[in-house]
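Visitor: My questions concern the predicted model and sequence given below.
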Amino acid sequence: MHHFHYIDGVLHAEEVSLGRIAQEVGTPTYVYSQATLTRHFQAFSRAFQGMDHLVCYAVKANSNKAVMALFASLGGGADIVSGGELARALAAGVQPERIVYSGVGKTEAEMEAALKAGILMFNLESVDELEVLNQVAGRLGVKAPVSFRVNPDVDAHTHPKITTGLAKNKFGLDMETAFRQYPIAAALPHVELKGVSCHIGSQLTDTRPFADALDRVARLVEKLREVGINLSLLDLGGGLGITYDQESPPQPDEYAAALKETVSRLGMKLILEPGRVLVGNAGILMARVLFTKQTPAKHFVIADAAMNDLIRPSFYDSYHAVWPVAKAAAGETQVADLVGPICETGDFLARDREMPAFERGDLLAVLSAGAYGFAMSSNYNSRPRAAEVLVNGGQYSVVRQRETLADLSRGEKLPSWPG
Ligand code: LLP
């Protein structure tokens, strides 16, 4: 469910015409709908009503400050994976005691910044990390609140690049190691045991793997209780999928229902780290057609947005619907590749797709681009990154300016050799 719809044949974000945004802000531009973001956050959180829970938005999905600030104002916390995300989350007004910090490779400087900020919990992913965090906390004279991220070895049945809970993946500690490490961590002077966490993958379209992972984590929690270790926080990560094409992922209610019984039995506070499900369908990438070209093999629609703006189709072969901003009266279609200007064959946004018969100058929207869109964009081919716009009812605001050519070489300089 989202608020991108046609009014008199023109695609609007809520009540704002995308044509108007293109004219005033240019293209390519990411456009987010505040009503959709709000609705998704509230529907997700409401699904867990009656369970003591905290929604820590996975800011990697879309780390625009306006998006983070909106979720913070709705009571959300943040799941971060770097010092950069910590700084952005704090700047956006996320309360530090609602921040959890995941990731396999935290630096000492990042640990220090998070300890000074007073975050809720570090999700530790290795024994080395535990030792280093204990030292860093000792230097600061504080206790680090920790959980171990466990790897439950459950197949999430999603794209191999975004599966994280298999034994062969780099994430977390296996159950046996975690069981052995908890008592060791409990004895460390600068560590305070808080919880357990897991995240098995992204874009899951079935509740089964979540429930299986939870069962395994629950067994660990219960075994730890038998040896006198009581944890209060249960972080089940993110991963709930969205509809890009024909998928029918579970609704937040079904997801919550699949977890409820076990979570209630454990009596722990539940932490969730949703990313994609909150922002994915709340954003589109708008582009303008530069040229069209017919080759003996194919028809190409060449737009001013490319893989540097939205890498998901190239990187994961993922599907994003393509809609015209102005619906043609005749509604003619053709099978085409929608490509960008980047000098790689892998630069495409849609392939062999039946789409409107676009012509030079037409505007189009690539849907479901709110998650891992701008956040994964780059300056490849020295292309300035797109603008980001947030729409709220009948108004819009540019929440990130389009980069300029000067931005592209900021910090670069010619060498000045000594001597
Ligand atoms: N928590 C942790 C520890 C994570 O690693 C992730 C995502 C999330 C939460 C949020 O997962 P979500 O609810 O968004 O599925 N770039 C890929 C997705 C990578 C996901 C990485 N981790 C894509 O565009 O599909």
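Guide: Structure's in. What do you need?
Visitor: which residue is nearest the centroid of this protein?
Guide: Computing the C-alpha centroid of the chain and ranking residues by CA atoms, centre = their mean puts A61 first, at 1.9 Å.
Visitor: Now the phi/psi pair for the residue nearest to it when sequence neighbours are not counted, please.
Guide: For A61, ignoring the flanking residues on the chain, the nearest one in space by CB to CB, 6 or more residues apart in numbering is G275 at 3.2 Å. (Glycine included, C-beta is placed from N, CA and C.) Note on G275: its backbone torsions stand at phi -120, psi -80 [degrees, to the nearest 10].
Visitor: same check, this time on I184
Guide: Dihedral angles for I184 - degrees, to the nearest 10 - are phi -70, psi -40.
Visitor: burial of it, as a residue count?
Guide: For I184, the neighbour count with other CB atoms under 10 Å is 12.
Visitor: ok, now how distant is it from E176?
Guide: Using CB to CB, to the nearest Å, I184 is found at 13 Å from E176.
Visitor: What of L310?
Guide: Taking CB to CB, one finds L310 at 41 Å from E176.
Visitor: How about the residues of this structure by the ligand?
Guide: Residues of the chain that fall close to the ligand, judged by CB under 6 Å from any ligand atom: 58, 61, 79, 102, 162, 199, 202-203, 237-240, 273-277, 312, 316, 371-372.
Visitor: Quick check: S397 touching A387?
Guide: No. Contact criterion CB atoms under 8 Å: S397 and A387 do not qualify, at 11.0 Å.
Visitor: So for those two, which residue has more residues nearby?
Guide: The neighbour comparison of S397 against A387 (other CB under 10 Å) goes to A387, with 21 against 11.
Visitor: Have a look at this protein and report the helix or strand with the lowest mean pLDDT.
Guide: Ranking every helix and strand in the chain by mean pLDDT, DSSP states H and E puts strand 173-174 at the bottom, with a mean of 94.
Visitor: just checking, what packs against that one?
Guide: Strand 173-174 is packed against strand 144-151, with contacts defined by 3 or more CB pairs under 8 Å, 6 or more residues apart in numbering; DSSP states H and E.
Visitor: in its sheet, what does the strand it packs on sit against?
Guide: strand 121-124 (parallel), strand 173-174 (parallel), strand 191-197 (parallel) (DSSP bridges).
Visitor: Identify the residues contacting stretch 356-365?
Guide: 4, 11, 18-19, 22, 27, 31, 284-292, 301, 303, 322-328, 331-334, 336, 338 (CB atoms under 8 Å, 6 or more residues apart in numbering).
Visitor: picking up where we left off before, pick the most buried one from the strands paired with strand 144-151.
Guide: Comparing these by mean neighbour count (mean count of other CB atoms under 10 Å), strand 121-124 comes out on top with a mean of 28.
Visitor: Identify the residues contacting it?
Guide: Strand 121-124 is touched from outside by 100-103, 106, 111, 114, 130, 133, 144-149, 173, 194-195, 197, 233, 235, 271, with contacts defined as CB under 8 Å, 6+ apart.
Visitor: before we move on, back to that, lowest average confidence across the strands paired with strand 144-151, which one?
Guide: Among the strands paired with strand 144-151, strand 173-174 carries the lowest mean pLDDT, a mean of 94.
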